[in-house]
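Visitor: let's see this in three dimensions:
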Amino acid sequence: MKPIKVAVLGGGTGMSTLLKGLKRLPFDISAVVSVCDDGKSTGRLREEFNTLAVGDIRKVLISLSSDDENVGKVFDYRFDTCSDLNGHPLGNLLLIGANDITGNMSDGIELLNSLLKLKGKVLPLTEDNVVLMGKMEDGSVVEGEHNITEDHRGILDVYYKEKPEANLKVLEAIRKADAIILSMGSLFTSIIPNLICDEVRKEIEKSSAKIIYVCNIMTQPGETDDFSVSHHIKLLNKYLGKRKVDAVIVNNGKISPELIDKYSSSEQKDVVDIDYENIEKLGAKVIEGDLATIENGFIRHNALKVSIKILSYLLD
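Guide: Next up, the predicted model:
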């Protein structure tokens with residue numbers, strides 16, 4: 001079977017989780033990573049080296065590596081010291097070094113790929129050191145991805161402080177894709193940052209590839225409070241321009257009331273309601289299944305089950 005070309009757009013934990021499933025199936029993967037994170041180690045490195053965010057890229061490299069367990073142990077190792085190295089994951093430093101050696105992050109990733117034997121391509125959205133801005137529901141403006149995430153006043157819109165130039169390899173990946181997958185994860189700070197890049201949106205508009213959204217299982221405070229599945233789709237459609245979400249993957253499996261109560265009380269997160277009638281009105285096909293798993297007391301997507309659903313839809 002000829003591999004199906006997919007461009008996966010996202011960033012953070014959600015995207016890296018999904019990729020662990022996709023890499024086990026006949027997909028030719030191009031992982032497009034938003035690079036606006038500015039917290040913790042990534043923020044310090046961005047300020048010191050005037051470079052784009054590397055934290056999410058590190059997570060994606062681990063997910064697509066042939067031996068993600070051992071690579072993860074090395075790349076996620078954080079220095080515990082009284083020097084400037086304190087708190088930095090080794091993988092972040094390797095990415096900064098590879099960037100300096102090759103002259104840009106895309107080629108730096110290719111250099112690391114020669115060592116990691118990645119099962120797919122990892123593409124930063126842009127080579128620019130972008131700053132994400134958030135317009136909140138009360139009209140205030142917040143600068144920086146980390147500050148936007150921590151501010152729970154409710155996000156109305158996001159945009160870049162300065163217009164970024166899209167990575168040409170990203171545009172090529174979208175142009176050649178049989179499917180464009182919007183991964184689960186933070187809508188405003190992981191997925192939409194890819195779509196507010198004008199060149200990316202225009203390339204998606206020209207594409208005939210199916211657009212598939214893997215919907216979050218739980219809502220996110222300040223971003224998607226009280227959101228149903230259709231609310232997620234409507235928001236994404238707003239940023240997709242002339243294109244719309246063709247299919248949405250949702251979890252219909254049961255989650256214990258005890259765990260739901262724990263999320264609601266401690267994290268202010270609720271289960272995303274599958275409002276079938278409203279989804280149908282938006283023209284999106286619902287692909288559902290028991291897709292949730294519990295890891296260390298946390299609700300996660302079963303990446304392999306989700307990936308099988310995607311494959312079945314594209315082969316149907």
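
Visitor: going by secondary structure, the residue of the chain positioned farthest from its centre is in what exactly?
Guide: No residue in the chain sits farther from the centre than Cys82, which is 32.6 Å out by CA atoms, centre = their mean. Assignment of secondary structure by DSSP states H and E places Cys82 within no helix or strand.

Visitor: now for His152, how many residues are close by?
Guide: When neighbours are defined as other CB atoms under 10 Å, His152 has 13 of them. The C-beta positions use only the backbone N, C-alpha and C, and glycine is treated the same way.

Visitor: burial of Asp80, as a residue count?
Guide: With other CB under 10 Å as criterion, Asp80 counts 8.

Visitor: which non-adjacent residue is nearest it?
Guide: Asn86 (6.7 Å; CB to CB, 6 or more residues apart in numbering).

Visitor: the one you found: neighbouring residues, count only.
Guide: 12.

Visitor: next one: Ala173
Guide: 24.

Visitor: buried sites along the helix or strand where it lies?
Guide: Per DSSP H and E, Ala173 falls inside helix 168-176. Residues of helix 168-176 classed as buried: 169-171, 173-174 (neighbour count, 16 or more other CB atoms under 10 Å).

Visitor: ok, so of these, who is nearest Ile308?
Guide: Of all the buried residues of helix 168-176, Ile308 sits closest to Ala173, with 22.6 Å by CB to CB.

Visitor: how far away is the closest residue to Ile192 other than its chain neighbours from His301?
Guide: Closest residue in space to Ile192, ignoring its immediate chain neighbours: Tyr239 at 5.4 Å, by CB to CB, 6+ apart. Per CB to CB, to the nearest Å, Tyr239 is found 22 Å from His301.

Visitor: compare those two (neighbour count), which wins?
Guide: His301 (24 against 20).

Visitor: who's in contact with that one?
Guide: 14, 17-18, 184, 214, 217, 251, 291-293 (CB atoms under 8 Å, 6 or more residues apart in numbering).

Visitor: buried subset of those as a PyMOL selection?
Guide: This is how PyMOL selects the buried members of the contacts of His301, with burial counted by 16+ other CB under 10 Å:
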select buried, resi 14+17+18+184+214+217+251+291+292
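
Visitor: can you lay out the contacts of His301 as CSV showing distance to Ser41, pLDDT and secondary structure?
Guide: Output for those, formatted as CSV (distance: CB to CB, whole Å; pLDDT from 0 to 100; DSSP: H, G, I helix; E, B strand; the rest coil):
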residue, distance to Ser41, pLDDT, secondary structure
Gly14, 20, 94, helix
Thr17, 20, 96, helix
Leu18, 23, 98, helix
Met184, 24, 97, coil
Val214, 27, 98, strand
Ile217, 28, 97, coil
Asn251, 32, 98, strand
Leu291, 31, 98, coil
Ala292, 30, 95, strand
Thr293, 28, 95, strand
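
Visitor: name the nearest of the contacts of His301 relative to Phe227.
Guide: Nearest member of those to Phe227, counting by CB to CB, is Ile217, at 11.8 Å.

Visitor: in the stretch 101-250 of the chain, which spans are helices?
Guide: Counting by DSSP state H, counting those that start in this stretch, one finds helices in the stretch 101-250 of the chain at the ranges 105-116, 145-150, 168-176, 192-195, 198-206, 229-239.

Visitor: in a markdown table: these, plus distance to Ala7 and mean pLDDT.
Guide: Output for those, formatted as a markdown table (distance: least, CB to CB, whole Å; pLDDT from 0 to 100):
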| stretch | distance to Ala7 | mean pLDDT |
| --- | --- | --- |
| helix 105-116 | 15 | 94 |
| helix 145-150 | 22 | 92 |
| helix 168-176 | 5 | 98 |
| helix 192-195 | 10 | 98 |
| helix 198-206 | 9 | 97 |
| helix 229-239 | 15 | 98 |
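
Visitor: so which of those helices comes closest to Asp138?
Guide: Using CB to CB, these put helix 145-150 closest to Asp138, at 13.6 Å.
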